[in-house]
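Novice: My questions concern the predicted model and sequence given below.
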Amino acid sequence: METTHPVASERRTWLWIVFLVAFILSKGFFTFFVVSDLGQPTWSYRPVQDLPASSPYGVYPPQPYSQHVRGVKGE
């Protein structure tokens, strides 16, 4: 019965370790240089302001009845 040499097994292990480290580093470089933050966007949210109370879209007409679940006409 023939076994593999320890030198070949150690070399193969180091090749896998180097390959995995290179793969992880290449993913990091790709993410940093290609998918990274490009700064402020060029668009503007002009009609909608940050505070809902100061937005024209946040004003609703009053309800005719109170907002209870049970009863006739919201009572």
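Specialist: Cool, the structure landed.

Novice: tell me, how many neighbours does residue 18 end up with?
Specialist: Residues within reach of residue 18, counting by other C-beta atoms under 10 Å, total 10. C-betas here are computed from N, CA, C, even on glycine.

Novice: For residue 10, see how far away it is.
Specialist: Residue 18 sits 13 Å away from residue 10 when distances are taken as C-beta to C-beta, to the nearest Å.

Novice: Could you do residue 29 as well?
Specialist: Remark: distance between residue 29 and residue 10 (C-beta to C-beta) = 29 Å.

Novice: Residue 42 too?
Specialist: Counting by C-beta to C-beta, the gap from residue 42 to residue 10 is 54 Å.

Novice: before we move on, which element is residue 21 in?
Specialist: helix 6-34 (DSSP states H and E).

Novice: tell me the mean pLDDT for that helix?
Specialist: Averaged over helix 6-34, pLDDT sits at 92.
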